[in-house]
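Peer 1: Need coordinates for the following:
(2 chains)
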Amino acid sequence: MTKETSKKKNGTQEGRIWAHKDLLALKDLSAREIELILDTAESFKEVSQRSIKKVPALRGKTIVNLFFEPSTRTRTSFELAAKRLSADTINISKSTSAAVKGESLLDTAKNIEAMNVDAIIIRHEAAGAPKILADAIAPAVINAGDGAHEHPTQGLLDLLTIRQKKGRIQGLEVGIVGDILHSRVARSDIWGLTKLGAKVTVCGPPPLIPAGIEEMGVKVTYDLSEIIRRVDVLITLRIQLERQKGSYFPSIREYARFFGIDNEKLQGAKPDILIMHPGPINRGVELSPDIADGKYSVILEQVANGVAARMAVLYLIVGAQSEEE
Amino acid sequence: MALLIKGGRVLHGKKYALEKLDVVVEGTRIKTIASGGSQKGTFETVIDATGCVVVPGLFDIHVHLREPGREDAETIATGTRAAVKGGVVALSSMPNTKPVIDNGGMVEFILSQVEEVGLCNVHPFGAITKGLLGEEMAEIGELAEAGCVGITDDGRPVMNSVILRRSLEYAKHFNILVMEHCEDINLSEGGVMNEGATSTRLGLKGIPSASEAILVARDIHLARLAGTGIHIAHVSCAESVELIRQARREGLDVTAHTCPHYFSLTEENCADFDTRFKINPPLRTRRDVEAVIAGLKDGTIQAIASDHAPHPGYEKEKDFNNAPFGTIGLETLFSVSYTYLVEKGHLSLGELIKLLSFNPAQLVKLDYGVLEEGGSAHIAVIDLNAEYSLSPEDIVSKSKNSVFLGVPLKGAVRATIVDGKVVYSAF
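Peer 2: As a prediction, the model looks like this:
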């Protein structure tokens, strides 16, 4: 799409209307709002391709990356996004925060708030932790992944990637394969995709398919070959290697045999199937190396789109604050 | 030393007739229950109960008073103050304090504190196993002698079947109620709310109903094997209700209580990650709420208790995974039960009062729950028409973690009388 769309939305009035203080979950957004973020992201993609990769949109704004869980990809992506919008950024990780001295999440946040920051990007191992912050403090709170709850910007960058490659979301068949139970990415993808009209099927070993997932508007199958033939997009999820200790499946070897994607399993797939993965990949487990690096894979596009999607989110949320002021 | 309660509708006798009568209390006993105007003489205290009902005071068989060990959450003084505000004249305290109530000395400590405070009566439960570790039987005989009316490892089950079997058998000799917290701790490990569509949506680890039902089923088998009764605490799910119903049909002495939150709230209350709703067993589904109400109606569940579980604010302010389980409930025990069971047409006032006083007292062979001439003067005066919604400032418990904050409730306790003494009055 999209040059036209981008031009239309770029810097127009429409692009600046944003109703939410925070971004906690894609569940909370309407299809219209998700599309606004995607359109805004399209216009920011170009910025990252310039030799001077900076626009002054958030000059003078301070954004804090508060990461209680290790993360390289997401933290770097948010930091780049903020810097390309000219915001000042600070990184606080669990080891450098006062959390190691026993300070509560709420106290940490209130201390940061007292320093007059504009937004806090938080990753936390506990589902709902960003909601605690958002309810307690004035700055915008952006969820960068909370437990198994949601990872909304990952959902947005996945949508952006699919839309770029397929030209639409509406009507697509999308499969999500792997550890659905523990995956915040799966949940954000499900909300985003279903809101925009895709048909989603989740697939994995039965113990990793959570109770009542159908109520989120998806179908369930345990048979990978059944979905491979009909999907336009296959999102594979990272399997935490320690899960086998929790008796969710017998071994990594057996997981790879039944749910890992390789050339053989892709026989019969649509010729333009997209293979996605939020990273980091366990090569030879979720994806064979030739598939991860092959023609169906859009994994590196996902990473590139991550910066654009996060720029859009920061621009709409933090930028909207200055409109009000 | 006489007290007159006049003008109220009195729920009296074993048949719980509701009539406009005056109650005269002398010392610790009810002297007369008779029609108005017939009371002559002077009274030291007169309560005008016009517009109110005068009912047997409540007996709450499941309360965490937290003393000793967690006096920052609750003390015997603040907990019993909350009790009498809720119309509770007597309660059973749970043994999961620090240290655990697993010996006679600890029981004596509690009873001496209770006497010093002098509000409601406390009939403690001791531990089934030493330190609640589930490994060795506590000195059950000594606990009974010191004044325990029951034993439980509440907060956790006795997971080892042989330990529970021997404890049931041994406790027979001391005529003491054995109460189980039913939860298969392997199945529920790490869980923080009911397992189902809501936990899946929120990404929170679920506790399946089966975790409770498996232990209920096991405990029924153990009671049959041991030839004893067993009491199931805080029944929360449809499967447990059905298992208990079957066991009682068979003639086994299996009894149970539930709590107000299990017939009024569901897992959906957790949807905003509000840790007040983190409770164990967890809030379940609409279907379970209906099954619990059906169990109360047909006698499968004999009692309603609060499972009053105070936690200081800073602990409940943690994220959902790390916040502690539990809600307070003493102050709202009657109002919530009345609002959700009587106002909604499931039970009569008399049936409700029986579940809140006479029945639980019978389980531990205590004399509460009947207003009659010559009987003990344990009385609550309640304005059934009063509507209110609880705010944190109203709470007298030391902890404010109530799931019923802001919920419109009906029926407010105006006075509580324990052993003939007015221990609470809001007239």
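
Peer 1: Could you check how far residue B:350 is from chain A?
Peer 2: Per CB to the nearest CB, to the nearest Å, residue B:350 is found 40 Å from chain A. Using the backbone N, CA and C atoms, a C-beta is placed for each residue, glycine as well.

Peer 1: In which helix or strand does that residue reside?
Peer 2: helix B:349-353 (DSSP states H and E).

Peer 1: I'd like to know which elements that helix is packed against.
Peer 2: In terms of contacts (3 or more CB pairs under 8 Å, 6 or more residues apart in numbering or on different chains; DSSP states H and E), helix B:349-353 is packed against strand B:9-12, strand B:53-56.

Peer 1: hey, which of those strands is tucked in deepest?
Peer 2: strand B:53-56 (a mean of 26; mean count of other CB atoms under 10 Å in any protein chain shown).

Peer 1: which strands and helices sit next to it?
Peer 2: By 3+ CB pairs under 8 Å, 6+ apart, strand B:53-56 packs against strand B:9-12, helix B:349-353, strand B:379-389.

Peer 1: residues in contact with the residue in the stretch 201-325 of chain A that chain B sits nearest to?
Peer 2: Going by CB to the nearest CB, chain B is nearest to residue A:212 of the stretch 201-325 of chain A, at 3.0 Å. Contact partners of residue A:212, counting by CB atoms under 8 Å, 6 or more residues apart in numbering or on different chains, are B:196, B:197, B:198, B:199, B:200, B:201.

Peer 1: From the residues you listed, list just the buried residues.
Peer 2: B:196, B:197, B:198, B:199, B:200, B:201 (16 or more other CB atoms under 10 Å in any protein chain shown).

Peer 1: Would you mind listing what in chain B touches chain A?
Peer 2: B:195-204, B:206, B:208, B:272-273, B:314, B:317-322 (CB under 8 Å from any CB of the partner chain).

Peer 1: which among those end up buried?
Peer 2: So, by 16+ other CB under 10 Å, the buried ones in the residues of chain B next to chain A are B:195-204, B:206, B:208, B:273, B:317-322.

Peer 1: Would you map out the domains in chain B?
Peer 2: B:2-53+B:376-390+B:403-425, B:57-363 (automatic domain parsing).

Peer 1: Now the residue nearest to residue A:165 when sequence neighbours are not counted. Its backbone dihedrals?
Peer 2: If the residues on either side of it in the chain are set aside, residue A:165 comes closest to residue A:274, at 5.6 Å by CB to CB, 6 or more residues apart in numbering or on different chains. Main-chain dihedrals, residue A:274, degrees, to the nearest 10: phi -100, psi 130.

Peer 1: Let me know the pLDDT of residue A:274.
Peer 2: pLDDT recorded at residue A:274 is 98.

Peer 1: Ok, residue B:206 next?
Peer 2: pLDDT at residue B:206 comes out at 97.

Peer 1: Same question for residue A:3.
Peer 2: On the pLDDT scale, residue A:3 gets 40.

Peer 1: ok, which stretches of the stretch 151-300 of chain A are helices?
Peer 2: A:152-166, A:184-195, A:224-228, A:252-259, A:289-292, A:299-324 (DSSP state H, counting those that start in this stretch).

Peer 1: spatially speaking, which residue is in the middle of chain B?
Peer 2: residue B:305 (2.1 Å; CA atoms, centre = their mean).

Peer 1: tell me which element the nearest residue in space to that residue that is not next to it in sequence is part of?
Peer 2: Residue nearest to residue B:305 in three dimensions, not counting chain neighbours: residue B:62, with 3.6 Å by CB to CB, 6+ apart. For residue B:62, the element it lies in under DSSP H and E is strand B:58-63.

Peer 1: send the alpha carbons of that strand over as CSV?
Peer 2: Output of strand B:58-63 as CSV, limited to C-alpha atoms (Å, rounded to 0.1, in the frame of the first residue of the first chain):
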residue,chain,number,x,y,z
LEU,B,58,-23.5,-14.9,64.1
PHE,B,59,-20.8,-17.6,64.6
ASP,B,60,-18.1,-17.4,62.0
ILE,B,61,-16.2,-20.7,61.9
HIS,B,62,-13.4,-19.4,59.6
VAL,B,63,-11.4,-16.3,60.6
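
Peer 1: Now for residue A:77: which residues touch it?
Peer 2: Contacts of residue A:77 by CB under 8 Å, 6+ apart are A:153, A:303, A:306, A:307, A:310.

Peer 1: Apply 7 Å and report the result again.
Peer 2: Applying CB atoms under 7 Å, 6 or more residues apart in numbering or on different chains, we find residue A:77 in contact with A:306, A:307, A:310.

Peer 1: returning to that earlier point: can I get the helices and strands packed on helix B:349-353 in a markdown table with mean pLDDT?
Peer 2: Shown next, in a markdown table, are those (pLDDT from 0 to 100):
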| stretch | mean pLDDT |
| --- | --- |
| strand B:9-12 | 98 |
| strand B:53-56 | 98 |
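
Peer 1: want to try CSV for those strands, with distance to residue A:259 as columns?
Peer 2: Listed next are those as CSV, based on distance: least, CB to CB, whole Å:
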stretch, distance to residue A:259
strand B:9-12, 64
strand B:53-56, 62
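
Peer 1: Nearest to residue B:348 among these would be which one?
Peer 2: strand B:9-12 (10.1 Å; CB to CB).
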